[in-house]
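Student: next input, structure requested:
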Amino acid sequence: MLHKTKGIVLNYIKYKETSIIARIYTAEFGLQSYIINGVRSARSKKGLALMQPLTLLDMVVYHKNNKEDQLQRISEYKSAYTFTSIPFEVKKSSVALFVTELLSKVLKEEDERGVVFEFLCHFIMELDQRPTSFESLHIYLMVHLTHFIGFGIHEIRDLQRDNILQRVNTSFEEIYQTIIHMNRSEIHEVQIMDNKLRKDCLSYMINYYLQHIEGFGELKSMAVLSQIFR
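Tutor: The predicted structure is shown next:
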């Protein structure tokens, strides 16, 4: 059966000679893997332009509920939002790469699909449209995403009780206060912070996820972020 849904592209891998398998977070079905045939061929009109990190899509998909077959198929897809900066600015594209890797690890098919999807769409458009002070938005995302995946941060004691130990350039108290302030803020209120505090907050949040998500593992895109935001 065909269904209309919106999607957020996370990543893709090559499949056979001209096709790909794309991981896409959908408004209707949560995280799904789709075979897209012929997209890498010379005759493809769309190519891979619409498969870049965090691209928003309007889709018509075939959906099977058979859990044994994890691959779905797309009938039609087109851009639902035209980027103005993310693919063209190194810092923003690095943040997008980090975010897609994070989402691939924490989003599931069974999540609160519509609510999470709208939150992510709002984040993506804010990242794309904001001309400055976007360097900490991925930390804001990590803080607020905790409320959707079962270990929401509400107050400082939530951060203290896990006894996360790491080397810091600022102080744990400043890290706690910054994270709680983000938790109580809207995304448009997020302001720039200095490099040391941003790195400490990001490192703390990654450790927080490691404590709460089994098999969370390493975020390979951290190496890129560290190089870009030095």
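Student: what about Lys4, how many neighbours?
Tutor: By other C-beta atoms under 10 Å, the residues close to Lys4 number 12. All C-beta spots, glycine's among them, are computed from the backbone N, C-alpha and C.
Student: for it, phi and psi?
Tutor: Backbone geometry at Lys4, expressed as degrees, to the nearest 10, gives phi -90, psi 140.
Student: do I have it right that it meets Tyr62?
Tutor: No: between Lys4 and Tyr62 there is no contact under C-beta atoms under 8 Å: 11.8 Å.
Student: so who does the residue positioned nearest the centre of the chain touch?
Tutor: Nearest to the mean C-alpha position of the chain, by C-alpha atoms, centre = their mean, lies Val99 at 3.3 Å. For Val99, the contact set (C-beta atoms under 8 Å, 6 or more residues apart in numbering) comprises Pro53, Leu54, Phe123, His138, Leu141.
Student: between those, which sits nearest Arg184?
Tutor: Proximity of those to Arg184 (C-beta to C-beta) peaks at Leu141, which lies at 15.2 Å.
Student: need phi/psi at Asp58.
Tutor: phi -100, psi 130.
Student: excluding its backbone neighbours, what's nearest it?
Tutor: Ala80 (4.5 Å; C-beta to C-beta, 6 or more residues apart in numbering).
Student: if we can go back for a sec, which ones among the contacts of Val99 map onto helices?
Tutor: Phe123, His138, Leu141 (DSSP state H).
Student: in what helix or strand does the residue of the chain positioned farthest from its centre lie?
Tutor: For the chain, the largest distance from the centre (C-alpha atoms, centre = their mean) belongs to Arg43, which lies 30.7 Å off. When secondary structure is defined using DSSP states H and E, no element contains Arg43, which sits outside every helix and strand.
Student: what do you get for Tyr209?
Tutor: In the assignment (DSSP H and E), Tyr209 maps to helix 195-212.
Student: buried residues, that helix. List them.
Tutor: Across helix 195-212, burial judged by 16 or more other C-beta atoms under 10 Å covers 197-206, 208-210.
Student: likewise for stretch 161-181?
Tutor: For stretch 161-181, by 16+ other C-beta under 10 Å, it's Ile164, Val168, Thr170, Phe172, Glu174, Ile175, Tyr176, Thr178, Ile179, Ile180.
Student: state the mean pLDDT of the helix or strand harbouring Tyr12.
Tutor: Per DSSP H and E: Tyr12 is located in strand 2-15. On average, the pLDDT along strand 2-15 is 95.
Student: could you pull out the buried residues of it?
Tutor: Neighbour-count burial for strand 2-15 [16+ other C-beta under 10 Å]: Thr5, Lys6, Gly7, Ile8, Val9, Leu10, Asn11, Tyr12, Tyr15.
Student: the residues you listed: which two are farthest apart?
Tutor: Lys6 and Tyr15, at 23.1 Å, using C-beta to C-beta across the buried residues of strand 2-15.
Student: on that earlier part again, quick one: which of the ones in helices among the contacts of Val99 is nearest Val116?
Tutor: Phe123 (10.5 Å).
Student: domain ranges for this protein?
Tutor: Domains of the chain are assigned by automatic domain parsing as 2-79, 90-228.
Student: buried stuff in the helix or strand where Leu102 lies?
Tutor: Per DSSP H and E, Leu102 falls inside helix 90-106. Across helix 90-106, burial judged by 16+ other C-beta under 10 Å covers 92-103, 106.
Student: now do that helix: distance to the chain's middle.
Tutor: 5 Å (C-alpha atoms, centre = their mean, to the nearest Å).
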